[in-house]
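>>> coordinates for the following, if possible.
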Amino acid sequence: MTKRMTAEDKNHIASALYHAEKTGTPIEKISAQFTGMTMEDAYQIQEIGTAMRLGDGAQIIGRKIGITSKGMQKQLNATTPDYGCLLDNMILREGEPCQMSEVYLPRIEGEIAFVLDRDLKGPGVTVADVYNSTAWVFPCFEVCDTRIENWDVTVLDTISDNAGGSKFVLGSAPKKLSEINPKLIGMLVEKNGIAIDSAAGAEVMGNPVEAVAWLANKLSEFDISLKAGDIILSGAFLSAIPAVSGDVFTLSLDGFPSLNLRFV
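Next up is the predicted model:
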């Protein structure tokens, strides 16, 4: 029998995810418990969970985009990207390690981060609008994590779980968006000094700028706009790489100094 979600169910799941993050103890797969769950349900759970974190004193500093590559969409049986919130307690300073005690099953992704200097609100946001609204771009490592057992997830689970948001770090030498070609820019990720994978920006929805435009238009469905000063993570150029204590990752993005992240 199809089991649909009630308002009580959504609050219960959001609370369970919140406590799973606090305790490091994951929960069971959500979509398996509620076979009638919808994407709208999942985003409502995410919003409830974000409100709980804001109640702890956290502040929203931007958004992250996920499932932007065809490979990830196929893996999760998704036909569209998703998004989550970036909070001020998620950012790591360059050189600051990621503490394994604060994550469950971390995976690292290489991305571009956009910092806006103008508001962006859809519908109808274009690539040109993103260019006109972007102050800086940075190389970025995102540490994705799950509050669900063993990364056994569908797109509905990841949306509910803040799109896997956990930690992120930006490089310290930004550029203007006009100084790079985001579609053709190349990225290499190394793990413990060994090259793992490389790709161009075109892996991200054909162009990372398209991903930001998609986000602005998607958020407009919920009457949310991107604000000047927001940090926007584009989505991964490459497949997510599992990380364990002692690992050191290096991100090389054409034209930028290398960015390192260590797990301890």
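>>> okay, buried residues for the lowest-mean-pLDDT helix or strand in the chain please.
Here the helix or strand of the chain ranked lowest by mean pLDDT, DSSP states H and E is helix 70-75, holding a mean of 72. Residues of helix 70-75 classed as buried: 72, 73 (neighbour count, 16 or more other CB atoms under 10 Å). All C-beta spots, glycine's among them, are computed from the backbone N, C-alpha and C.
>>> for that helix, packing partners?
Packed against helix 70-75 by the contact rule (3 or more CB pairs under 8 Å, 6 or more residues apart in numbering; DSSP states H and E) you find no helix or strand.
>>> what's downstream of it, the next helix or strand?
Where DSSP states H and E defines the elements, the next helix or strand beyond helix 70-75 is strand 82-87.
>>> burial of the residue nearest to residue 124 when sequence neighbours are not counted, as a residue count?
Leaving aside its sequence neighbours, residue 124 sits nearest to residue 217 (CB to CB, 6 or more residues apart in numbering; 7.1 Å). Neighbour count for residue 217, taken as other CB atoms under 10 Å: 16.
>>> residue 217: what's it in contact with?
For residue 217, the residues meeting the contact criterion (CB atoms under 8 Å, 6 or more residues apart in numbering) are 122, 123, 124, 125.
>>> so which of those residues is the most crowded?
Most surrounded of these: other CB under 10 Å gives residue 125, at 22 neighbours.
>>> what's the closest non-adjacent residue to it?
Per CB to CB, 6+ apart, closest to residue 125 is residue 216, 4.0 Å.
>>> equivalent analysis for residue 131, please.
Residue 131 sits nearest to residue 177 (CB to CB, 6+ apart), 5.8 Å away.
>>> also residue 87?
residue 58 (4.3 Å).
>>> flag every buried residue along stretch 25-45.
26, 27, 29, 30, 31, 34, 37, 41, 42, 43, 44, 45.
>>> residues touching the last one, list them.
Listed by CB under 8 Å, 6+ apart, the contact set of residue 45 reads 10, 13, 14, 17, 30, 159, 160.
>>> can you pull the contacts of the closest residue to the fifth one other than its chain neighbours?
Yep, that's residue 30 we're talking about. Once flanking residues are discounted, residue 30 sits nearest to residue 157: 5.1 Å by CB to CB, 6+ apart. Taking CB under 8 Å, 6+ apart as the criterion, residue 157 is in contact with 29, 30, 31, 42, 148.
>>> try residue 158
Contacts of residue 158 by CB under 8 Å, 6+ apart are 66, 67, 76, 82, 146, 164.
>>> got the end-to-end distance for stretch 160-179?
36 Å (CA to CA, to the nearest Å).
>>> rewinding a little: I'd like the contacts of residue 158 as CSV, with distance to residue 90 and neighbour count appended.
Converted to CSV, those look like this (distance: CB to CB, whole Å; neighbours: other CB atoms under 10 Å):
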residue, distance to residue 90, neighbour count
66, 14, 28
67, 19, 25
76, 22, 17
82, 17, 28
146, 15, 24
164, 12, 26
